[in-house]
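J.: Quick one: sequence and predicted model below, then my questions.
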Amino acid sequence: MAAAAAAPLAVDLLPVPKVPAIVTEIFAGILIGPQVLAIVRVSAPLEVFSQIGLVFLFFLAGLEISFERAERHLRVVAAAFGLSLALALVVALVFDAVGLSSAPTLVAIMLAATSFGIVVAVLKDAGELTTRFGQTVIAGASLADFGTVILLSIFFSHEGSGVESTVVLLTLFAVLAGVVGLVLAGARGSHRLQGAVSRLQQTSAQIGVRLAFVLLVAFVLMADEFGLEVVLGAFLAGAILSFLDPGRAMDSSGLKDKLDGIGFGIFIPVFFVVSGVRLNLESLFSSVDTVVLVPATVAALLLVRGLPALLYRRFVDHREAVAAGLMQATSLSFLVAATQIGVELEKIDEAAAAGIVAGGVISVLVFPALALRVLRTERS
């Protein structure tokens with residue numbers, strides 16, 4: 001917790017380049033972990049906190065999805081995401097053929113992802129969140145987030161079920177999630193219940209936070225019982241809350257800020273610090289292939305997520321499409337989570353995981369800054 005608190009403070013107070021908090025937290029984990037100072041080991045309680053952080057990260061990602069904005073651009077962003085998947089599979093097969101990594105399907109899914117939370121934060125700070133450009137990027141990042149989480153659950157379940165069995169389980173889970181959504185939609189129409197929630201919202205009961213946690217835990221438990229990745233349940237819990245709140249009442253009531261505070265203030269930074277503690281830098285430099293994997297991952301992200309953004313020229317001009325591609329090529333949180341799952345399932349080794357995560361760190365440091373520079377040139 002001290003590392004999670006000190007990392008963003010140090011970046012803000014010291015004369016160093018400003019980077020997203022997620023990057024500072026991973027570096028803090030590396031510093032206090034066995035690679036450098038060796039003052040922290042991943043104990044059982046820390047593992048629990050880290051897993052809650054992972055779940056909360058995907059919950060808040062689902063909560064950020066704006067279905068109204070995504071619907072306007074659905075056809076084009078779906079075509080772009082399909083192209084991303086095709087390019088990702090080709091790149092992953094090349095990586096496998098030249099010995100840079102194994103498990104091409106897993107690597108392809110990772111390369112097709114976008115760090116939705118980071119992209120939204122950058123757009124918000126730049127004042128682009130509600131512009132035509134910002135809405136297009138959000139729609140593309142939302143679909144990539146949702147699609148890659150689904151694909152991760154289908155192909156890489158901890159239960160080891162076959163793809164066909166997993167698809168059946170996923171369908172049943174989706175039906176059950178739909179039923180829960182309908183029940184919640186009906187409950188939302190009850191004026192008596194709405195009044196009770198409104199009265200208890202700002203009391204010590206904090207009923208909005210408690211209900212959100214109930215939904216999160218219920219969906220995580222359901223996903224686990226169905227043999228799917230728990231992050232899928234967490235993501236769907238957040239997405240359902242967002243879908244049932246078209247008027248953004250969670251924003252006006254302060255509930256969204258409370259959930260952000262709990263997630264990004266407590267659990268999520270622990271997940272990223274622990275990810276840094278686990279990052280095996282020694283294996284990263286153990287071979288030339290692993291070192292090459294870092295720039296190869298950066299180039300692959302740019303190709304897989306950046307090139308398809310040129311399809312967005314239907315909504316934005318050429319320079320904005322280029323900036324959108326750079327934004328979409330920004331990926332780290334999903335890479336950290338997916339490589340951790342891959343290592344646990346013995347699909348990839350720690351060296352490959354470290355190389356892919358390092359490439360993701362570089363994408364976060366470089367691509368958003370380049371995108372904003374392109375936008376400034378366009379706006380001037």
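T.: Looks like it arrived, so ask away. Because the structure is predicted, anything quoted here is derived from the model rather than measured.

J.: count of neighbours near residue 366?
T.: For residue 366, the count of nearby residues is 15 (other Cβ atoms under 10 Å). Where C-beta positions appear, they are placed from N, C-alpha and C, glycine not excepted.

J.: Could you do residue 95 as well?
T.: Other residues near residue 95 come to 24 when the count uses other Cβ under 10 Å.

J.: Can you give me the buried ones in the host helix or strand of it?
T.: In this structure, residue 95 sits in helix 74-97 according to DSSP states H and E. Buried residues in helix 74-97, counting neighbours by 16 or more other Cβ atoms under 10 Å, are found at 76-77, 80-81, 83-85, 87-89, 91-92, 95-96.

J.: With stretch 367-380 instead?
T.: By neighbour count, with 16+ other Cβ under 10 Å as the criterion, the buried positions of stretch 367-380 are 367-368, 370-372, 374-375.

J.: what's stretch 58-68 in contact with?
T.: 116-117, 120, 135, 138, 142, 145-146, 149, 216, 231-232, 234-243, 246, 250, 256, 259-260, 263-264, 268, 333, 337 (Cβ atoms under 8 Å, 6 or more residues apart in numbering).

J.: Which ones among the residues you listed lie within helices?
T.: Counted as lying in helices by DSSP state H, out of the contacts of stretch 58-68, are 116-117, 120, 135, 138, 142, 145-146, 149, 216, 231-232, 234-243, 250, 256, 259-260, 268, 333, 337.

J.: I only care about these that end up buried; give me the ChimeraX line for that.
T.: Here is the ChimeraX command that selects the buried residues among these (16+ other Cβ under 10 Å):
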select :116,117,120,135,138,142,145,146,149,216,231,232,234,235,236,237,238,239,240,241,242,243,250,256,259,260,268,333,337
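
J.: Quick one: the helices in the stretch 201-350 of the chain, in order.
T.: 207-225, 230-243, 249-253, 255-262, 268-278, 281-284, 288-301, 318-328, 333-344, 350-379 (DSSP state H, counting those that start in this stretch).

J.: Okay, now the unreliable bits of the stretch 251-380 of the chain?
T.: Applying pLDDT under 70 to the stretch 251-380 of the chain picks out residues 378-380.

J.: same thing but 80
T.: Within the stretch 251-380 of the chain, the stretches falling below the threshold (pLDDT under 80) are 251-252, 279-287, 289, 377-380.

J.: And the stretch 101-250 of the chain, by the same measure?
T.: Applying pLDDT under 80 to the predicted model, the residue ranges of the stretch 101-250 of the chain that meet it are 116-118, 120-121, 124-127, 129-130, 142, 156-167, 188-189, 227-229, 246-249.

J.: try it again with 90
T.: For the stretch 101-250 of the chain, applying pLDDT under 90 flags the ranges 101-103, 115-147, 149-178, 180-206, 208, 223-236, 238-250.

J.: Touching, residue 268 and residue 57? I think so.
T.: Yes. In this structure, residue 268 sits in contact with residue 57. The criterion is Cβ atoms under 8 Å, and the distance is 5.1 Å.

J.: Against residue 61, how distant is residue 138?
T.: Between residue 138 and residue 61 the distance, using Cβ to Cβ, to the nearest Å, works out to 12 Å.

J.: And for residue 126?
T.: Plainly put, residue 126 is 20 Å away from residue 61 if you go by Cβ to Cβ.

J.: who's more crowded, the two?
T.: It is residue 61, of residue 126 and residue 61, that has more neighbours when counted by other Cβ under 10 Å, with 26 against 16.

J.: wait, what's in contact with residue 333?
T.: Listed by Cβ under 8 Å, 6+ apart, the contact set of residue 333 reads 22, 57, 61, 115, 117-118.

J.: Which members of the residues you listed are the farthest-apart pair?
T.: The two members of those with the most space between them (Cβ to Cβ) are 22 and 61, at 12.5 Å.

J.: How many neighbouring residues does residue 354 have?
T.: Using other Cβ under 10 Å as the criterion, the residues surrounding residue 354 number 24.

J.: How about the contacts made by the closest residue to it other than its chain neighbours?
T.: Take residue 354 and drop its neighbours on the chain: the residue closest to it by Cβ to Cβ, 6 or more residues apart in numbering is residue 284, 4.1 Å away. Shown here is residue 284, whose contacts under the criterion Cβ under 8 Å, 6+ apart are 290-291, 294, 351, 354-355, 358.

J.: Could you rerun that using 10 Å?
T.: With contacts defined as Cβ atoms under 10 Å, 6 or more residues apart in numbering, residue 284 is in contact with 35, 290-291, 293-294, 350-355, 357-358.

J.: same thing with residue 316?
T.: With Cβ under 10 Å, 6+ apart, residue 316 has these contacts: 131-137, 309, 322-324, 378.

J.: Residue 127 and residue 134 touch, don't they?
T.: Yes. Here residue 127 reaches residue 134: they are 8.7 Å apart, a contact under Cβ atoms under 10 Å.

J.: Between the two, tell me which one has more neighbours.
T.: Summary of the neighbour comparison: residue 127 and residue 134, criterion other Cβ under 10 Å, with residue 134 having more neighbours (24 against 9).

J.: Excluding chain neighbours, what is closest to the more buried one?
T.: In space, residue 134 comes closest to residue 128 once its chain neighbours are excluded; the distance is 4.0 Å by Cβ to Cβ, 6+ apart.

J.: so which helix or strand takes in the one you found?
T.: Residue 128 is part of no helix or strand when elements are defined by DSSP H and E.

J.: my guess is it meets residue 122, correct?
T.: Yes. Taking Cβ under 10 Å as the definition, residue 128 is a contact partner of residue 122 at 8.3 Å.

J.: Is residue 303 in contact with residue 112, as I believe?
T.: No. Judged on Cβ under 10 Å, residue 303 makes no contact with residue 112 at a distance of 11.3 Å.
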